[in-house]
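S.K.: build me a model:
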Amino acid sequence: MDDEDKQIGVEELSAETLAALQAFLHSKDEANGVTEDFGLSQFWYTDETAQTLAQAVMNIADEAANAADGGDDEGGIAILCSPTCLKGMRDTPEGRSRKNVKILEYDRRFGETYPEEFVFYDVYDVEGLLREHPEMEHAYDAILADPPYTESETVVATLEGMRRMAKLPITPKDANGVPGVDFTPCVFVSALLSRDIFRDFGFRPTTYRLSFSSKFATPMYTYTNFEPLETFPLGSWLEDGEIGDQQNAIVQQQTA
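M.R.: A predicted model of the protein is given here:
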């Protein structure tokens, strides 16, 4: 066997070894994965959506944490009811070793997957959460929430939880409704038809459309309480005319 043949053999062996390793890691990931529980209204994002949301909340957390002194500290992040966003974060180089992150989730299975980050959370009982974890009150530079239901009771309860955990107010207006006060940047995933509730808190829907790994009929949107910047990968705010067009499209889709 000449040197060229030896080299080809090594390359083929390396490729086979790599394929075996990838298969092992994939099977390990499947074994440790948590399947969707539709009884808890769980619908997992695609990898692209999960990583996009993760990048967005990391960006705004760091900007908020360093706004005063121009430093480079990592901002504290609370992720409410969105475990696949945390998975997306851990799948990125920037988010893999990030420390000050908590996943607040009702499904205790994620306590096994993310033992250091997991905190049990009932969106309807923020008082119980803060009694058990008082250190979480007004502790986070940015918050992302994706509660399991989109009705007004759940949306309002989740917004109240965000308000209690945010370092600063989540409404970017003063008591007279004038914008410009310091606030904690937040991202909220919900249906477009919930937008009237969000308007009272200073949130508006963006142009970014989420995608899910399983078939999911209701279109979901990201709402933000700040105007998206270049460092924010979720598009721009929807204009009022665009919102009307989107609502009409949703109604037509649901009645078709």
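S.K.: what stretches of the stretch 101-250 of the chain score poorly on pLDDT?
M.R.: Across the stretch 101-250 of the chain, the stretches falling below the confidence threshold (pLDDT under 70) are 174-180, 215-217, 229-231, 241-250.
S.K.: which residue ranges form the strands in it?
M.R.: Taking DSSP state E, counting those that start in this stretch as the test, the strands found in the stretch 101-250 of the chain are 101-105, 118-120, 142-145, 186-191, 204-209, 220-224.
S.K.: nearest to residue 65, out of those?
M.R.: strand 142-145 (8.3 Å; Cβ to Cβ). C-betas here are computed from N, CA, C, even on glycine.
S.K.: the closest one packs against which elements?
M.R.: Taking 3 or more Cβ pairs under 8 Å, 6 or more residues apart in numbering; DSSP states H and E as contact, the helices and strands that strand 142-145 lies on are helix 47-65, strand 77-80, helix 152-165, strand 186-191.
S.K.: what angle separates the longest one from strand 186-191?
M.R.: Helix 47-65 and strand 186-191 meet at an angle of 150 degrees, taking axes from the mean of the first three to the mean of the last three Cα atoms, to 10 degrees as the criterion.
S.K.: now helix 47-65 - C-alpha only, PDB.
M.R.: Taking Å, rounded to 0.1, in the frame of the first residue of the first chain, the C-alpha atoms of helix 47-65 are listed here in PDB:
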ATOM      1  CA  ASP A  47     -34.000  25.200  15.900                       C
ATOM      2  CA  GLU A  48     -33.900  28.400  13.800                       C
ATOM      3  CA  THR A  49     -36.700  30.000  15.800                       C
ATOM      4  CA  ALA A  50     -35.200  28.900  19.100                       C
ATOM      5  CA  GLN A  51     -31.800  30.300  18.300                       C
ATOM      6  CA  THR A  52     -33.200  33.500  16.900                       C
ATOM      7  CA  LEU A  53     -35.200  34.200  20.100                       C
ATOM      8  CA  ALA A  54     -32.200  33.200  22.200                       C
ATOM      9  CA  GLN A  55     -29.900  35.600  20.300                       C
ATOM     10  CA  ALA A  56     -32.500  38.400  20.700                       C
ATOM     11  CA  VAL A  57     -32.800  38.100  24.400                       C
ATOM     12  CA  MET A  58     -29.100  37.800  24.900                       C
ATOM     13  CA  ASN A  59     -28.500  41.000  22.900                       C
ATOM     14  CA  ILE A  60     -31.100  43.000  24.800                       C
ATOM     15  CA  ALA A  61     -30.000  41.700  28.200                       C
ATOM     16  CA  ASP A  62     -26.400  42.700  27.600                       C
ATOM     17  CA  GLU A  63     -27.300  46.100  26.200                       C
ATOM     18  CA  ALA A  64     -29.600  46.800  29.200                       C
ATOM     19  CA  ALA A  65     -26.900  45.600  31.700                       C
END
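S.K.: could you dump the strands of the stretch 101-250 of the chain to JSON lines with distance to residue 173 and mean neighbour count?
M.R.: As requested, these are arranged in JSON lines below (distance: least, Cβ to Cβ, whole Å; neighbours: other Cβ atoms under 10 Å):
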{"stretch": "strand 101-105", "distance to residue 173": "26", "mean neighbour count": "25"}
{"stretch": "strand 118-120", "distance to residue 173": "29", "mean neighbour count": "17"}
{"stretch": "strand 142-145", "distance to residue 173": "18", "mean neighbour count": "26"}
{"stretch": "strand 186-191", "distance to residue 173": "14", "mean neighbour count": "24"}
{"stretch": "strand 204-209", "distance to residue 173": "13", "mean neighbour count": "19"}
{"stretch": "strand 220-224", "distance to residue 173": "14", "mean neighbour count": "24"}
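S.K.: among these, which is nearest residue 57?
M.R.: Taking Cβ to Cβ, strand 142-145 is the member of the strands of the stretch 101-250 of the chain nearest to residue 57, at 4.5 Å.
S.K.: so what touches the closest one?
M.R.: When contacts are taken as Cβ atoms under 8 Å, 6 or more residues apart in numbering, the neighbours of strand 142-145 outside the stretch itself are 53, 56-57, 60-61, 64, 75-82, 85, 158, 161-162, 165-166, 170, 184-189.
S.K.: all set, thanks.
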